[in-house]
Structure formats: C-alpha cells, structure tokens
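>>> here's a sequence, model it:
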Amino acid sequence: MTSASRPFSFARGDARRVVFLDYLRIFAFVSVLVGHKFAEPLQAAMADPAALGHCAARLAWPWVQGGGVGVLVFFLVSGYVITQVLQRERTAEFLVKRVFRIYPLYVTAVLLEAAGLWVMGKRPDWHELGPQLLLIGDWTGTPYALGGVEWTLRMEVGFYVFMAVLQACGAVRWRQGVLLPAVYAAVVVGLFWQGPWPTHQEWTRGYGTLYFPFLLLGSVLWLTEHRVMGWVTLAAFGLLVFVLHDRGLQAWQPRWLDAWFAQRAVALFVVLWVSRRWLPVSAAVLWWSGLTYAVYLLHSWMFDWLRNAAAWAGTGAAVAQGVALLALLGVCGGLVRWVEQPAIGAGRRLACRLGYGKDGA
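Take a look at the predicted model:
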C-alpha cells in the first residue's frame, strides 16, 4: 500500500520510475474501494439481466469482490519494490525511510477515525490505540483500526522488519540475493507448518499465513527479472506458494476458495510486467497512483461517514455515494500533499543527516 507514496516527485519519463507498478497500484486501490463500498450496486446490476451495466458488473465483480485481488496486488508490488530498494539502501537507511513512509499518514488516519468516533458518541477503546498506532496489534490480540484494513499494514510492517533482518545479515545484497528463494521457501513452509496466524479475529484467521507468502513472491519476481535466479526457480517457488495457499484456504478461510484472488492478482501482475515497455507515463497516472495509500487508509470508514452526511443533507442514495467519493478523493489529495509527502521528504533528509545516502524509493 505504501510503496506508491512518492509519485509527485517524479517528472514524466523519469528513468528511475517503474511505471507498470503505478498502473498496478491504481488498479489495486480502485478495486479495493469498489469491492468494499460499491458491492451492493454491482450485485444488483448482476442480478438484473435488463440492467444497463449488467455485463460490465459481471465482468468487474471477480476483480473487486471483497477487495481480495487488489490486496494481493498490493503485496506483490511491495515485495517487488522492497527487494529493488534494498539493493541500494543500507539497513538503517531503509528502516528510517520506511518509518517516515508508513507511520505519519497512518497515525493521522487512525487519530482522525478515533476523533470522529468520539464526536459521534462512539467512544474508542483508548487502551487499544497504542498497539494500533504501532501496528503491533497481532501480537497483543488488538482489534483492527480503520474499518479493518489495518490488518494489511501490520503484515507489511512485519515484511519490512523481516527484509531488514535479511539485509543486515547480508542475504539481500550477496550476489543480489541469490539465496533469498531458499530462505523464502523455508519461511513459507514454516508458516504453514505452525498453523493459522493471526487467530484473534475469526474473519482474519490465518491471513498472515495465507498472504505473507505473496510479499515474498513479489520479491522472487524481481529476482527473476534481474536474472539473479531462473524461471524454473520462480515456477517452483510459485507452485509452493499456491499449493500451500490453497490448502490453507480450505482449512481456515473456505469462503474465499472459489474467488481465485491469488491467481487473478498474479496474472494481472505478469500481464502488466510483460507490457511495461509500452505503458504510457502521464501526470494523471502519477497523480492517481499517488492517492493509493491515503485512499486505502481512509476509504473503509470515512466513505461511510461522508455518504451518511450527504444523505442527511437530503441527497438521494446514488448522489450521496457520488458526493462521498469526490469528498474522499479531495481529503486524500490534501493528506498526500500536506502529510504524506512532507513526511517522506523528512525521512530522506534524516537519512542524509545520518550519513545514509541522498535518495531512495
């Protein structure tokens, strides 16, 4: 979710930018937003063959259902990007920049949600706020903030720590990470062997065990692209991930067995990767990509508040949804400009002052 945080600093055609990832980010946050907040109109259109958008709804639904495909695309992108970043950043530099990339906007979103709940008379449990703000709630059994989407941030922070440890041990840069697939395979098998994790909420039971491997698969895709390892290794690792993922779904999350989230996400990633040389770069693409993290953090709870406010003002249901969407995008644009970008810049400056280089993703 967060690796899209720096779009506006890139000029059009900047050779450092991997543009196909921007298209993937845009797809990911749009599909999650639609799957979470526009599921009812889509399902209504699918149920009515005479509806104007019947065919479009049927085509879109598998890609937005539950936001699952979008979340896995996020994970694949993060795994790919972090492996690339660690080829040029030392461990301390990496951690400093990740903290400033993740936490300022995230903390802002959590505090905004808590303040809004308090104003509405729904007092938050302030004892839960600390673990939520630190993204360590899976270790303390703390419920998720931000309408539930916090679960993915907890996993992503865990991935950053894991990769930082590998970097500190020299595994990431030694021959560009040739040993990483073996380490990843051991982690994937170990996760499945120890059973579902986390288990403190039934709806996310085993999500870490099921979905963390796709962060690692994104990393292996980068290693394959840069010829650190061969296609056979990629195929073997991918097969391992998919087989254990399917078995885990059967055991812990059977409701998603027929959704094919993982297969669709990987297929989309590969298609855009193959097409990467022909994807156009534009200011619009970079702007929409830049909204990724903010929209992801805010959409699950703020959209409902904005829609309810519009409905209270007397608008119809459809108009209220449209107003809420436009308002959400406006708020997110402001947060990107006034919170996210300044925080990322501060992280880079701090890294420089500590002697950790001049720039980074």
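>>> for Met229, which residues are in contact?
For Met229, the contacting residues are 178, 181, 220, 223, by Cβ atoms under 8 Å, 6 or more residues apart in numbering. Where C-beta positions appear, they are placed from N, C-alpha and C, glycine not excepted.
>>> and for Phe94?
Taking Cβ under 8 Å, 6+ apart as the test, what Phe94 contacts is 85-86, 160, 163-164, 167, 360.
>>> from those residues, which single one is nearest Trp61?
Tyr160 (32.8 Å; Cβ to Cβ).
>>> which helix or strand contains Ile63?
For residue 63 the amino acid is Trp, not Ile. Assessed by DSSP states H and E, Trp63 sits inside helix 54-64.
>>> after that helix, which helix or strand is next?
Using DSSP H and E, the first helix or strand after helix 54-64 is helix 68-85.
>>> can you list the weak-confidence ranges in the stretch 251-361 of the chain?
357-361 (pLDDT under 70).
>>> all the helices of it, residue numbers only.
For the stretch 251-361 of the chain, the helices defined by DSSP state H, counting those that start in this stretch occupy 261-274, 283-290, 292-312, 317-335, 341-353.
>>> next, the angle helix 317-335 makes with the longest one.
So that's helix 292-312. 140 degrees (axes from the mean of the first three to the mean of the last three Cα atoms, to 10 degrees).
>>> buried residues in helix 292-312, which are they?
Of all the residues in helix 292-312, those buried under the rule 16 or more other Cβ atoms under 10 Å are 292-303, 305-307, 310-311.
>>> which strands and helices sit next to that helix?
Using 3 or more Cβ pairs under 8 Å, 6 or more residues apart in numbering; DSSP states H and E as the contact test, the elements touching helix 292-312 are helix 19-37, helix 91-119, helix 317-335.
>>> JSON lines for those, including distance to His245?
Formatted as JSON lines, the helices and strands packed on helix 292-312 follow (distance: least, Cβ to Cβ, whole Å):
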{"stretch": "helix 19-37", "distance to His245": "18"}
{"stretch": "helix 91-119", "distance to His245": "25"}
{"stretch": "helix 317-335", "distance to His245": "31"}
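>>> which among those helices is found nearest to Gly66?
Taking the helices and strands packed on helix 292-312 one by one with Cβ to Cβ, helix 19-37 is closest: 5.6 Å.
>>> distance from the chain centre to the closest one, please.
Mean C-alpha position of helix 19-37 versus that of the full chain (Cα atoms, centre = their mean, to the nearest Å) differs by 9 Å.
>>> what's in contact with the following helix or strand past it?
Moving toward the C-terminus from helix 19-37, the next helix or strand (DSSP H and E) is helix 39-47. Applying Cβ under 8 Å, 6+ apart, the contact partners of helix 39-47 are 34, 51-54, 56-58, 60-61, 64-65.
>>> make a ChimeraX selection of the buried ones in those.
Per 16+ other Cβ under 10 Å, the buried members of the contacts of helix 39-47 correspond to this ChimeraX selection:
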select :34,57,60,61,64,65
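>>> which two from the contacts of helix 39-47 end up farthest apart in space?
Leu52 and Gln65 (20.7 Å).
>>> sorry, back to before: in CSV, list the contacts of helix 39-47 along with pLDDT and distance to Leu135.
Below are those laid out as CSV (pLDDT from 0 to 100; distance: Cβ to Cβ, whole Å):
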residue, pLDDT, distance to Leu135
Val34, 97, 26
Ala51, 86, 41
Leu52, 87, 43
Gly53, 90, 38
His54, 93, 41
Ala56, 94, 37
Ala57, 94, 35
Arg58, 95, 37
Ala60, 96, 31
Trp61, 97, 31
Val64, 97, 26
Gln65, 96, 26
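>>> and which of the contacts of helix 39-47 is nearest Gly121?
Val34 (30.5 Å).
>>> neighbours of Trp288, how many?
Neighbourhood size, Trp288 [other Cβ atoms under 10 Å]: 20.
>>> just Leu129 next, same as before
15.
>>> contacting residues around it?
Per Cβ under 8 Å, 6+ apart, neighbours of Leu129: 110, 114.
>>> winner for burial among the helices and strands packed on helix 292-312?
helix 19-37 (a mean of 22; mean count of other Cβ atoms under 10 Å).
>>> hang on, the earlier thing: and of the contacts of Phe94, the nearest to Arg25?
Closest to Arg25, out of all of the contacts of Phe94 and judged by Cβ to Cβ, is Val85, at 15.5 Å.
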